[in-house]
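Novice: only the shape, not the letters, is given here:
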């Protein structure tokens, strides 16, 4: 379970969120600029390094504090057992696809590392890319590899920030389906940020509605996004 | 042609460049990744030798490393000889004098690395050392080459610091630049021509290497 009590400022933007996310999948839904990416970066522990440390805040996952500004606690990103996959795959361009996926697996021996890389690339349907240079693959392929790289170390919390934007609808749905099964099997809690209402409705998860940095609703997708669903249905009816 | 001065210059430049590389890579990473109010102070100190007249820097070092200061006496007791007017003293002076020429290209190179890559590496567990060795250095290798070449050439060509700190001792502190000065002073223009031509050739060759590498890099990116 993820517990958030954040009051963070970034320039004129103010993010205020206080909630508990207990569902295996939570979709953070909101328009661009609502604070979705900021929230995910704070959860990943990245933003302290950029001088935008929460003014006040506590983040904890399964009872363990990740950030607690009152006690000065801040776990570095690599110690949170958290993975973040964003729209920008950020593959290391000087490394092969396999070396990218193996980057977070230093603690494993060579054979286990190779096996893990193979397993992760198979999951995202990118095994054929194993020995390719990461700068020579397409945007959609890079997003698959970035996902494999993030999952390889076995995170307990997965943060996804519109990670399949370069994939077409069919490929994205197929990957999402496989990913959901894998995450469920491996008990990985997932938070997906999106501004695409169809993503939120397809996954059928708990939805957290974010507007201008404020949490405006939290609950089942069908309930929280009822108005959005109605709007889309009306649009489809219109000739 | 003063081959002794030539060999000494190459030795001085090689040792200085090796030390600078070991110092400048972590320093540049600190300037790019670091936080805190003391960073501008470090940046200022690192860049100072670039704008300070070499004779002024040489004079300060001569006084600091000489027998007048406790530091200089301590170093002399430790090494068994004073640093001033010795090859080791020249190395210290050259490292300080050429520091900005090693640090600046590296800072520019490290800062140009996509922050998303740095974030990805940090989430995957990379600490500062791995971040520098696995991400910054390979992705900023052209800046690393520029730092090496500029440090080497700057050391080969330095005059003011060498003269103030090392004097003109053949085989110990007389570098090519000092030899050229001596040759001109003695109206030995034929030798001065050759010495100057070697210094010019080295500079042109090194810049050609930097620019051709950068061209190859940008063609590969295109």
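Specialist: That came through, no problem. Since the structure is predicted, the reported quantities are computational estimates derived from the model, not experimental observations.
Novice: which residues of chain B fall in helices?
Specialist: For chain B, the helices defined by DSSP state H cover B:3-33, B:39-51, B:54-65, B:70-79, B:87-111, B:115-123, B:128-130, B:137-139, B:141-157, B:160-166, B:176-185, B:189-221.
Novice: how about those in JSON lines, adding distance to chain A and mean pLDDT?
Specialist: Every C-beta, even on glycine, is put in place using the N, C-alpha and C of the backbone. JSON lines is the format used below for the helices of chain B (distance: least, Cβ to the nearest Cβ, whole Å; pLDDT from 0 to 100):
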{"stretch": "helix B:3-33", "distance to chain A": "8", "mean pLDDT": "93"}
{"stretch": "helix B:39-51", "distance to chain A": "12", "mean pLDDT": "91"}
{"stretch": "helix B:54-65", "distance to chain A": "34", "mean pLDDT": "89"}
{"stretch": "helix B:70-79", "distance to chain A": "37", "mean pLDDT": "88"}
{"stretch": "helix B:87-111", "distance to chain A": "13", "mean pLDDT": "94"}
{"stretch": "helix B:115-123", "distance to chain A": "4", "mean pLDDT": "95"}
{"stretch": "helix B:128-130", "distance to chain A": "8", "mean pLDDT": "94"}
{"stretch": "helix B:137-139", "distance to chain A": "5", "mean pLDDT": "96"}
{"stretch": "helix B:141-157", "distance to chain A": "9", "mean pLDDT": "91"}
{"stretch": "helix B:160-166", "distance to chain A": "37", "mean pLDDT": "87"}
{"stretch": "helix B:176-185", "distance to chain A": "37", "mean pLDDT": "91"}
{"stretch": "helix B:189-221", "distance to chain A": "9", "mean pLDDT": "82"}
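Novice: how about those helices, which one is nearest residue A:136?
Specialist: helix B:189-221 (11.5 Å; Cβ to Cβ).
Novice: could you check the angle the closest one makes with helix B:141-157?
Specialist: 170 degrees (axes from the mean of the first three to the mean of the last three Cα atoms, to 10 degrees).
Novice: a markdown table for the helices of chain B, including mean neighbour count?
Specialist: Below are those laid out as a markdown table (neighbours: other Cβ atoms under 10 Å in any protein chain shown):
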| stretch | mean neighbour count |
| --- | --- |
| helix B:3-33 | 19 |
| helix B:39-51 | 14 |
| helix B:54-65 | 18 |
| helix B:70-79 | 13 |
| helix B:87-111 | 23 |
| helix B:115-123 | 21 |
| helix B:128-130 | 13 |
| helix B:137-139 | 18 |
| helix B:141-157 | 22 |
| helix B:160-166 | 24 |
| helix B:176-185 | 20 |
| helix B:189-221 | 13 |
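Novice: hang on, residue A:106 packs against residue B:127?
Specialist: No. The criterion here is Cβ atoms under 8 Å, and residue A:106 misses it with residue B:127 at 10.6 Å.
Novice: in chain A, which helix or strand is least confident?
Specialist: None of the helices or strands of chain A scores lower by mean pLDDT, DSSP states H and E than helix A:226-237, at a mean of 69.
Novice: tell me what the nearest residue to residue A:60 once chain neighbours are set aside is bridged to.
Specialist: Excluding its sequence neighbours, the residue lying closest to residue A:60 (Cβ to Cβ, 6 or more residues apart in numbering or on different chains) is residue A:3, at 4.7 Å. Counting by DSSP bridges, residue A:3 forms beta bridges with residue A:20, residue A:60.
Novice: enumerate every residue touching residue B:176.
Specialist: B:2, B:5-6, B:9, B:156-157, B:195, B:198-199 (Cβ atoms under 8 Å, 6 or more residues apart in numbering or on different chains).
Novice: looking at stretch A:102-109 now, give me its mean pLDDT.
Specialist: Mean pLDDT, computed over stretch A:102-109, is 94.
Novice: who's in contact with it?
Specialist: Contacts of stretch A:102-109 (Cβ under 8 Å, 6+ apart): A:92, A:95, A:112-114, A:116-117, A:149, A:152-153, B:121, B:124-126, B:134.
Novice: what subset of these is buried?
Specialist: Buried members of the contacts of stretch A:102-109, counted by 16 or more other Cβ atoms under 10 Å in any protein chain shown: A:92, A:95, A:113, A:116-117, A:149, A:152-153, B:121, B:124-126, B:134.
Novice: for chain A, which segments count as helices?
Specialist: Counting by DSSP H, the helices of chain A are A:36-44, A:97-102, A:110-123, A:139-151, A:169-185, A:197-203, A:221-224, A:226-237.
Novice: how is chain A carved up into domains?
Specialist: For chain A, the structural domains run A:2-81+A:155-237, A:90-154, going by automatic domain parsing.
Novice: mind checking the end-to-end distance for the longest one?
Specialist: Just to be clear, that refers to domain A:2-81+A:155-237. 39 Å (Cα to Cα, to the nearest Å).
Novice: distance from it to the middle of the chain?
Specialist: 7 Å (Cα atoms, centre = their mean, to the nearest Å).
Novice: how about the residues of chain A near chain B?
Specialist: A:44, A:46, A:49, A:51, A:76-79, A:82-84, A:86, A:88, A:90, A:92-94, A:103-104, A:106, A:146, A:149-150, A:153 (Cβ under 8 Å from any Cβ of the partner chain).
Novice: generate a ChimeraX selection restricted to the buried subset of the residues you listed.
Specialist: Buried residues within the residues of chain A next to chain B, by 16+ other Cβ under 10 Å, are selected in ChimeraX with:
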select /A:44,46,49,77,78,82,83,84,86,88,90,92,94,103,104,146,149,150,153
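Novice: so which of the residues of chain A next to chain B belong to strands?
Specialist: Members of the residues of chain A next to chain B lying in strands (criterion: DSSP state E): A:82-84, A:86.
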